[in-house]
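[1] next one to model:
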Amino acid sequence: ERPGFNNNILHRTHYLRETWFMAFEKINGIRIHYLVDGSKDCPTITFIHGQAFNIESWSRQIDAFKDQFQILRIDLRGHGLTEVGELGNDLRMLNMAEDIIGVWDHLEIKRSHYVGKSLGGMIGFDLALHNADRLNSLTLVATQGKMPCGSLDRMRRNVEDYRKSPLKMKFAAGRLLSRYLPESYKKNDPAGYRLLEESIIKMTVDAYAFSSEAINAMDYDDHLKDINLPTLVIAGELDIPTPPSRMKIYREKIRGAKWGVISGAAHLPNFEKPREFNTLLKEFLK
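    Got it, this is the predicted structure:
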């Protein structure tokens, strides 16, 4: 809830403290929520979050980049305040990539730097392969272009567990964050943990299921040589789903890709270790 904002209508609120606004726009048949910080006269960075999270997972990047960039954050389908749409289990990376392009077109953004974490990085592969003319650069964070064997069955079992639990996505939040974050994270950063937990709890089980189907349907690893963009690959040292040993394929097979591992971070390196992450990304964007 924010002053002057009505969740039930398409509405834009403009805050004069910077050139910052949040908006809902009807794009590709769904209401998409996004936030803009910084100045529209600067180059744009588009930050796209991972599955079950939302735009707030990029909140620790704003101050570091707002003076030199226009920062665009978008809630993906079924995440945050963006509608899930009617595609259901037919949702694919292509559809979410088209949503991002739709927001760019609405804001008259011809090209953007793109930073995607996990699910956001998966969408980044699709954009880089099919809409490279819209990207200035590609940054892949804690992600992969093809899921391992058995992933679909595991994620479907998880969805059934979430449906059966009386706690629904609150149960999911505990399970997911225990896999995504170091054991000590909740104690060391309780406010950050609560923010991430709340983003998962606000999601529906259906939306999580639909995005899981999209994740398991993708297959980009055989097309990495076709990516021809300045690319940065960032892994979390302690990441379980996408460890550095898994992500090194993108360093090796994407032409000229830069590489960085965030020490002490797991699956959300930008949120867990923002200073180290921001420094690495700034160097790349220079």
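[2] use CA for all of it now, contacts and neighbours both
    Will do.
[3] give me the residues contacting stretch 235-250.
    141-144, 179-182, 224, 233, 257, 260-269 (C-alpha atoms under 8 Å, 6 or more residues apart in numbering).
[4] if we use 6 Å, what do you get?
    With C-alpha atoms under 6 Å, 6 or more residues apart in numbering as the test, stretch 235-250 has contacts from 142-143, 261-267, 269.
[5] measure that stretch end to end?
    11 Å (C-alpha to C-alpha, to the nearest Å).
[6] what residues of it count as buried?
    235-244, 247-248, 250 (16 or more other C-alpha atoms under 10 Å).
[7] which among the contacts of stretch 235-250 gets closest to His130?
    Set against His130, the nearest of those by C-alpha to C-alpha is Thr143 (18.4 Å).
[8] name the SS class of that closest one, please.
    Classification of Thr143 using DSSP: H, G, I helix; E, B strand; the rest coil returns coil.
[9] which residues touch the residue nearest to it when sequence neighbours are not counted?
    Using C-alpha to C-alpha, 6 or more residues apart in numbering and skipping residues adjacent in sequence, the residue nearest Thr143 is Ser118, 4.0 Å away. The neighbours of Ser118, taking C-alpha under 6 Å, 6+ apart as the test, are 50, 142-143.
[10] if we can go back for a sec, nearest to Leu152, out of the buried residues of stretch 235-250: which one, please.
    Pro241 (13.7 Å).
[11] can you pull the phi/psi pair for that closest one?
    phi -70, psi -40 (degrees, to the nearest 10).
[12] same question for Ile71.
    Per degrees, to the nearest 10, the residue geometry at Ile71, taken as phi and psi, is phi -110, psi 120.
[13] thinking again about what came up before, which of the buried residues of stretch 235-250 lies closest to Lys40?
    For those, the nearest to Lys40 is Ala235 (29.9 Å; C-alpha to C-alpha).
[14] what secondary structure does that closest one sit in?
    Applying three-state DSSP: Ala235 is strand.
[15] any idea what it is bridged to?
    Val261 (DSSP bridges).
[16] can you check Ile27 too?
    What pairs with Ile27, by the bridge criterion (DSSP bridges), is Ile30.
[17] repeat that for Gln70.
    Beta-bridge partners of Gln70, as defined by DSSP bridges: Gly38, Thr44.
[18] pretty sure it sits against Thr44.
    Yes - counting by C-alpha atoms under 6 Å, Thr44 is a contact partner of Gln70 at 4.5 Å.
[19] quick one: which of these two has more around it?
    Thr44 (26 against 22; other C-alpha atoms under 10 Å).
[20] contacts only, for Ile254.
    224-225.
[21] what about 8 Å?
    224-228, 231.
[22] could you dump those to CSV with neighbour count?
    Shown next, in CSV, are these (neighbours: other C-alpha atoms under 10 Å):
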residue, neighbour count
Leu224, 19
Lys225, 13
Asp226, 13
Ile227, 20
Asn228, 16
Thr231, 26
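[23] could you dump the residues you listed to JSON lines with secondary structure, distance to Asn95 and pLDDT?
    Output for those, formatted as JSON lines (DSSP: H, G, I helix; E, B strand; the rest coil; distance: C-alpha to C-alpha, whole Å; pLDDT from 0 to 100):
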{"residue": "Leu224", "secondary structure": "helix", "distance to Asn95": "20", "pLDDT": "98"}
{"residue": "Lys225", "secondary structure": "helix", "distance to Asn95": "23", "pLDDT": "97"}
{"residue": "Asp226", "secondary structure": "helix", "distance to Asn95": "21", "pLDDT": "98"}
{"residue": "Ile227", "secondary structure": "coil", "distance to Asn95": "20", "pLDDT": "98"}
{"residue": "Asn228", "secondary structure": "coil", "distance to Asn95": "22", "pLDDT": "97"}
{"residue": "Thr231", "secondary structure": "strand", "distance to Asn95": "23", "pLDDT": "98"}
